[in-house]
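Student: Quick check, what structure comes out for this input:
(one chain, ligands or ions: 1)
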Amino acid sequence: MFLKGKSAIVTGSTSGIGLAVARALADAGAHVMLNGLGEADAVEEARASVAALGAGEALYDAADMTDPAAIATMVARAHSAWGGPDILINNAGIQHVCGVADFPVGKWDAIIAINLSSAFHAMRAAIPHMRARGWGRIVSTASAHSQVASPNKSAYVAAKHGLVGLTKTVALETATDGITANCISPGYVWTPLVEKQIPDTMTARGLTREQVIDDVLLAAQPTKEFVTPEQVAALALFLCRDEAKAITGANLSVDGGWTAA
Ligand code: NAD
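Tutor: Numbers count the residues shown, from 1 in each chain. Sure, this is the predicted structure:
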């Protein structure tokens, strides 16, 4: 329970990678604020399952990651509940698959807001609290698409490249404050985000569902296996350890060898 007494916010933690990270942090003893979209019953089930782990409490905040004021309020709520936040996991994200010439402007704006700007707003609000305690861990879920591009993912690739630049800058600004800031860059992880883009990729490339999985998604991943949310969560948890305090400004791949190619 090395995180007992620490508090964490995990954006986009009602499903997928974020929920796995929330579980790992709670299991290690942290108080965890969950966030994300979802039906009330499913959200409460997720919150209760996290609260049942470890030694800490679990709260849910419905802040929309497109709303800077709501993000600041979420950080303030975690602070008044537990102090901190000591740990910030910027994880919320969406995808839209379409060629740039036809890319809907509203989708571009939403992806930049949720996948990139929300991390800025959360870090801006959380860093003063981390500095006050002389300790902090910021982990942002980027993607293999922070290092390489794929067709039809202009907004996502731009946002994830931007998230790495933002994180490097924050790492330099906080380097002597006991705070680290890093990105984790997964390859394809089997979550609702990936499931949802299969129909659009079928349309954009004229492929069957099986062809999208084998020839598009896993084509880039030399291991030919999806990464699991738990594998990503294990690295996020390690980055919260004192042994990881020299790791800052890094973009760590968990991608089955994708970006080695
Ligand atoms: P997911 O769809 O399971 O989770 C996304 C989370 O973000 C959900 O909790 C959702 O409710 C939340 N979210 C979406 N819009 C929101 C909004 N406006 N306000 C608040 N929360 C919002 O998908 P996932 O695969 O677990 O994705 C998590 C992160 O991992 C994303 O940043 C994604 O880009 C990244 N990622 C995923 C993969 C993959 O293959 N699944 C690979 C690399 C990176």
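Student: Could you check the pLDDT of Ala204?
Tutor: What the model reports for Ala204 is a pLDDT of 86.
Student: now do Glu195
Tutor: So Glu195 comes in at 88 (pLDDT).
Student: Tell me how many other residues crowd Gln221.
Tutor: By the criterion of other C-beta atoms under 10 Å, Gln221 has 18 neighbours. Quick note: C-beta positions are derived from backbone N, CA and C, even for glycine.
Student: Also the one 10 residues further on?
Tutor: Burial of Gln231, expressed as a neighbour count using other C-beta under 10 Å, amounts to 16.
Student: and it, what does it touch?
Tutor: Residues in contact with Gln231 (C-beta atoms under 8 Å, 6 or more residues apart in numbering) are Val254.
Student: Need the three-state assignment for it.
Tutor: helix (DSSP: H, G, I helix; E, B strand; the rest coil).
Student: before we move on, what about Ala181?
Tutor: Ala181 - assigned by three-state DSSP - is strand.
Student: Now Val254. Nearest residue, chain neighbours left out?
Tutor: Pro186 (4.9 Å; C-beta to C-beta, 6 or more residues apart in numbering).
Student: Give the full set of residues in contact with that neighbour.
Tutor: Pro186 touches 17, 141, 143-144, 227, 232, 253-255, counting by C-beta under 8 Å, 6+ apart.
Student: any idea how far it is from the ligand?
Tutor: As judged by C-beta to the nearest ligand atom, to the nearest Å, Pro186 and the ligand stand 4 Å apart.
Student: Same check on Leu34?
Tutor: 9 Å.
Student: Kindly confirm my reading that that residue is in a strand.
Tutor: Yes. Leu34 sits within a strand when classified using three-state DSSP.
Student: Just list whatever residues bridge to it.
Tutor: Listed by DSSP bridges, the beta-bridge partners for Leu34 are Val10, Tyr60.
Student: follow-up on the earlier one: return the subset of the contacts of Pro186 lying in strands.
Tutor: 141, 253-254 (DSSP state E).
Student: For Val100, state which of the residues you listed is nearest.
Tutor: Thr141 (23.7 Å; C-beta to C-beta).
Student: Could you report the neighbour count for that closest one?
Tutor: Neighbours around Thr141, by other C-beta under 10 Å: 28.
Student: For it, give me its contacts.
Tutor: Thr141 touches 12, 17-18, 89-91, 93, 183-184, 186, 232, counting by C-beta under 8 Å, 6+ apart.
Student: near the ligand, which residues of this structure?
Tutor: 12-18, 35-38, 64-66, 91-94, 114-115, 141, 143, 186, 188-189, 191-194 (C-beta under 6 Å from any ligand atom).
Student: Great, nothing more from me.
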